[in-house]
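Enquirer: Give me a model of this one.
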Amino acid sequence: MEYFDTDPVRLSGGKKSIIIIDQRRLPGELVTREITSAKDMYDAIKTLAVRGAPCIGIFAAYCVYVRAEHTPDGELDNELSGFAEYLNSSRPTAVNLSWALSQMRAVLDESRGLTPTQRREVLLKKAQQIHQSDIDTCEKIAEYGLGLIKENDGVITHCNAGALATSRLGTGLGPLLLAARRGIKLRPYVDETRPLLQGARLTAYELQKAGLEPTLICDNMAAYVMSRGLVNTVFIGADRIAANGDTANKIGSLSLAVNAKHFGVPFYVFAPRSTFDPKCKTGEDIPIELREGSEISTLYFERPIAPEGVRCLNPAFDVVPHELITAIVTEEGVLSVGG
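Expert: Residues are numbered from 1 along each chain as shown. Coordinates of the predicted model:
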C-alpha cells in the first residue's frame with residue numbers, strides 16, 4: 001500500500017490470523033489488530049473496524065481461510081458453511097460480502113475430493129486471488145477515472161472509497177490518488193459524511209498522505225460548492241449496484257446526486273464488477289442497513305447533542321437512481337447509464 005505501512009487487510013506471517021487496520025481509530029491513531037475468532041471477524045465488519053465494500057469482500061475471503069485453519073479436518077464443510085452464513089449477516093447492503101463468501105463456499109464444495117490440507121491450500125489460493133484481483137481492478141478503475149478529469153479540476157467526494165475501503169488505490173478515490181502519484185494537481189472537496197464521518201476521518205486523511213490538499217466541507221455545503229462553480233465533477237464509490245444501474249452508497253449520496261443534476265455537474269460511480277447484483281432488478285430491491293441512533297446523537301461528541309430519548313432514524317445507505325448517474329466506471333471501462 002502506498003500511503004500506509006501495511007494493507008488494510010492482510011494475513012499474518014504464519015497465516016493463522018488476519019491483521020487489519022482498525023478504521024475506527026483513524027485519523028488519530030494508525031492501529032492494527034490481529035483477528036482469529038469468528039466473533040471478532042463478525043464484530044470487525046459490524047462495527048466498521050473493516051469497511052468499504054471491496055475491502056469487506058477481501059476480509060471475508062481471508063476469514064473463511066483462517067477459520068479453516070482453526071477447524072478440525074472432519075468438520076470443515078459444516079463449520080465453514082455455518083460460519084459463512086454467520087459472517088454474511090453482519091451487514092446487509094454491501095454485496096461484495098456475500099459475493100466473496102459465495103466464491104469461497106464454491107471452492108470449498110469443489111475441493112471435497114482433496115485432503116484437508118489440500119482443501120485449506122485451495123481456500124488460501126482463492127482468498128489471495130480475490131485480493132490480487134481487487135488490486136488489479138482498482139488500478140484499471142483509477143486509469144479510466146483519471147481520463148474523466150484534467151489538471152486543477154475540482155472533484156467532490158462522499159464517504160471513503162480509497163485504499164482503506166478496497167486495496168491500494170481504491171475506486172471512487174482511485175483517480176485522485178493516481179493523479180497524486182503522477183504529480184497532477186487537483187482540488188478535492190471532501191464531504192464529512194455524517195454520522196460516521198468517513199470523509200472527514202478517512203478520505204481527508206488518505207488525500208493528505210498522498211500529498212493532495214483536500215478541502216473538508218459539511219455534507220450540507222455541497223450545493224453551495226456546486227453553485228459557486230468550485231467543482232467540475234462528483235466521484236463516489238458503491239456498495240451495491242442493481243441491474244438497471246441504481247446504486248446504493250453511503251447515506252447522503254442521493255442528496256449529492258440531486259444537487260449535481262440541478263447544477264449540471266457530472267456524477268460518476270466507481271465500482272468493480274463484483275459490486276453489481278443482477279438479483280436486484282432496481283434500487284427498490286437493495287436492502288438498506290439501519291444502524292443505532294447513538295451514531296447520530298452521541299458517538300463522536302464529548303456529550304450528547306440531542307435531548308435524551310429522542311427517536312433517531314439512521315439508515316447507513318441510500319439509493320441513487322440510474323437517471324441521476326452520468327456513468328459507472330468499472331475495471332471494464334466507463335459504462336453510460338443515462339445521466
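
Enquirer: how about residue 265, secondary structure?
Expert: coil (DSSP: H, G, I helix; E, B strand; the rest coil).

Enquirer: nearest spatial neighbour of it, skipping sequence neighbours?
Expert: Distances taken as Cβ to Cβ, 6 or more residues apart in numbering place residue 226 nearest to residue 265, at 5.4 Å, with adjacent residues excluded. In short, each C-beta sits where N, CA and C put it, glycine included.

Enquirer: quick one: the one you found is in a helix?
Expert: Yes: assessed with three-state DSSP, residue 226 lies in a helix.

Enquirer: State the number of residues packed around the residue nearest to residue 172 when sequence neighbours are not counted.
Expert: In space, and not counting its chain neighbours, residue 172 is closest to residue 161: 3.3 Å by Cβ to Cβ, 6+ apart. Residue 161: 35 surrounding residues under other Cβ atoms under 10 Å.

Enquirer: in the protein, which spans are helices?
Expert: Counting by DSSP state H, the chain has helices at residues 38-46, 53-69, 76-88, 95-110, 116-146, 174-181, 198, 204-209, 222-227, 253-263, 294-297.

Enquirer: so can I have a markdown table of those showing distance to residue 287, mean pLDDT and mean neighbour count?
Expert: As requested, the helices of the chain are exported to a markdown table (distance: least, Cβ to Cβ, whole Å; pLDDT from 0 to 100; neighbours: other Cβ atoms under 10 Å):
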| stretch | distance to residue 287 | mean pLDDT | mean neighbour count |
| --- | --- | --- | --- |
| helix 38-46 | 15 | 97 | 18 |
| helix 53-69 | 14 | 96 | 26 |
| helix 76-88 | 12 | 95 | 17 |
| helix 95-110 | 10 | 94 | 20 |
| helix 116-146 | 23 | 96 | 19 |
| helix 174-181 | 26 | 95 | 24 |
| helix 198 | 20 | 97 | 27 |
| helix 204-209 | 28 | 95 | 21 |
| helix 222-227 | 26 | 98 | 17 |
| helix 253-263 | 16 | 98 | 20 |
| helix 294-297 | 18 | 93 | 16 |
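
Enquirer: As CSV, could you dump the C-alpha coordinates of stretch 187-203?
Expert: What follows is stretch 187-203, C-alpha atoms only, in CSV (Å, rounded to 0.1, in the frame of the first residue of the first chain):
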residue,chain,number,x,y,z
ARG,A,187,-8.8,20.4,-5.9
PRO,A,188,-10.6,17.7,-3.9
TYR,A,189,-13.7,18.7,-1.8
VAL,A,190,-14.4,16.1,0.8
ASP,A,191,-17.9,15.7,2.3
GLU,A,192,-17.5,14.9,6.0
THR,A,193,-20.2,12.2,5.6
ARG,A,194,-22.3,12.2,8.7
PRO,A,195,-22.9,10.5,11.0
LEU,A,196,-19.7,8.3,11.0
LEU,A,197,-17.5,10.9,9.3
GLN,A,198,-15.7,8.6,6.9
GLY,A,199,-15.0,11.6,4.7
ALA,A,200,-13.5,13.7,7.4
ARG,A,201,-11.7,10.9,9.2
LEU,A,202,-10.6,8.7,6.3
THR,A,203,-10.8,10.4,2.9
